[in-house]
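> Sequence first, then the predicted structure:
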Amino acid sequence: MRILLISFLLYGFSSYTFSLDSELSSGDQIEDLTAPVYSPFIERYVLDELKQLRIDQANARHEIIQQIVDREKASVDRGVDYATSAITYFFYLIAAATSLLVLVGWSSLREIKEGARNFADKEISKVVQKYEKRLLSIEDELEEKRTQIEENREEIEMTQEIQSLWLRAQQDSSPANKITVYDELLKLRRDDCEALTYKADAVLELNEPQWAINLCQQALKIDPDNSHAFYQLACAYTVMEQFEEAVRWLAEALRRSDSYVDEIRLDPALTALVNNEVFDQLTNLIDIRNSSPKKAESGRADCSAASC
């Protein structure tokens with residue numbers, strides 16, 4: 001309305017000015033004007049209205065711009081809300097799918113885990129048992145070897161001690177000292193037939209034939225074919241002048257060893273037996289034993305000569 005009124009005033013003012021210009025152009029002089037061609041009140045009113053019009057236009061422009069900004073802001077907010085909602089729903093979907101997979105596959109994963117653990121435990125147990133058995137066998141072998149080494153060491157020490165005792169017995173000329181040494185040997189080896197028979201020999205030097213007989217019988221219990229024990233029995237019975245028994249035991253010694261054939265006539269302990277007529281019972285046996293190798297050699301010679 002205000003714009004229409006201003007337009008009407010401007011139109012009337014412009015018509016009045018145009019009519020005045022026409023009159024001036026017709027020859028009237030401007031200097032002859034004694035009053036203004038327009039009213040100041042109208043001019044002031046027009047100016048105020050124009051000013052107010054500019055202010056209204058500025059306010060209208062500001063309001064339009066504010067509305068446009070508000071609409072753009074609302075559009076941006078809606079876009080952000082949409083994007084945020086879409087992302088949120090997407091994550092919700094992922095979380096739901098993950099939860100479903102966890103719920104469905106948890107038992108399977110747990111079973112796989114338990115199965116793998118049980119399998120590993122079984123395999124580890126097998127390996128541990130296997131190595132425990134091997135370690136036990138190795139420990140047993142080491143213990144056996146250690147025992148053998150200890151026994152061998154003790155045997156070596158005993159052997160060395162026995163050798164030293166035998167050396168002492170050979171070097172000592174006293175029968176009593178020899179008997180002491182043989183007793184020490186028998187403490188180390190109670191079943192040593194050689195020590196028993198040599199002790200019997202030393203006992204005979206002390207003129208103890210019965211003691212010697214007992215020792216020889218102990219040796220024969222250990223070794224029934226010990227020729228030296230039979231020989232010492234013959235010597236003991238000779239000292240006791242039981243020549244029949246002496247001949248019998250000497251014959252047993254000769255049946256088991258030919259080494260006594262040369263010693264019989266040289267041994268002082270058998271001198272009484274050799275000089276006794278009973279000794280003639282052994283003459284044939286001694287001759288047979290002395291001649292047997294010669295007959296065998298002659299037989300082999302004849303066989304070679306005849307190209308056997």
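Happy to help now that I have it.
> Remind me which helix or strand residue 93 belongs to.
Under the criterion of DSSP states H and E, residue 93 resides in helix 40-171.
> what's in contact with the next helix or strand after that helix?
Next helix or strand after helix 40-171 toward the C-terminus (DSSP H and E): helix 175-188. For helix 175-188, the external contacting residues (Cβ atoms under 8 Å, 6 or more residues apart in numbering) are 158, 161-162, 165-166, 168-169, 172, 192, 195-196, 198-199, 202-203, 205-206. All C-beta atoms are positioned from the backbone trio N, CA, C, and that covers glycine.
> List only buried entries from those residues.
Taking 16 or more other Cβ atoms under 10 Å as the criterion, what is buried in those is 162, 165-166, 169, 192, 195-196, 198-199, 202-203.
> Can you list the low-confidence ranges for the stretch 101-250 of the chain?
101-109 (pLDDT under 70).
> The same query, at a cut-off of 90, please.
For the stretch 101-250 of the chain, the stretches flagged by pLDDT under 90 are 101-178, 181-195, 197, 201, 203-208, 212, 225, 227-228, 238, 240-250.
> measure residue 255 to residue 267 for me?
18 Å (Cβ to Cβ, to the nearest Å).
> brain fart, residue 217
Taking Cβ to Cβ, one finds residue 217 at 21 Å from residue 267.
> Comparing the two, which residue is more hemmed in?
More crowded of residue 217 and residue 267, by other Cβ atoms under 10 Å: residue 267, with 16 against 13.
> quick one, what contacts that one?
Contacts of residue 267 (Cβ under 8 Å, 6+ apart): residue 235.
> Need the phi and psi values for it.
Phi and psi for residue 267, reported as degrees, to the nearest 10, are phi -80, psi 120.
> what does residue 257 give?
phi -150, psi 130.
> Once you drop chain neighbours, what's closest to it?
Nearest non-adjacent residue to residue 257, counting by Cβ to Cβ, 6 or more residues apart in numbering: residue 227, 4.1 Å away.
> pretty sure the one you found is touching residue 256, no?
Yes: between residue 227 and residue 256 there is a contact under Cβ atoms under 8 Å: 4.0 Å.
> before we move on, back to that, and the helix holding residue 93, what does it pack onto?
When contacts are defined as 3 or more Cβ pairs under 8 Å, 6 or more residues apart in numbering; DSSP states H and E, helix 40-171 sits against helix 2-25, helix 175-188.
> Now do it and helix 175-188, the angle between them.
Between helix 40-171 and helix 175-188, the angle comes out at 150 degrees (axes from the mean of the first three to the mean of the last three Cα atoms, to 10 degrees).
> Return the distance of helix 40-171 from the chain's centre.
Mean-position distance between helix 40-171 and its chain equals 31 Å (Cα atoms, centre = their mean, to the nearest Å).
> again with stretch 261-279
76 Å.
> State the distance spanning the first to the last residue of that stretch.
13 Å (Cα to Cα, to the nearest Å).
> Now do the buried residues in that stretch.
264, 267, 269-270, 273, 276, 279.
> Check which residues of stretch 224-243 are buried.
226-239, 243.
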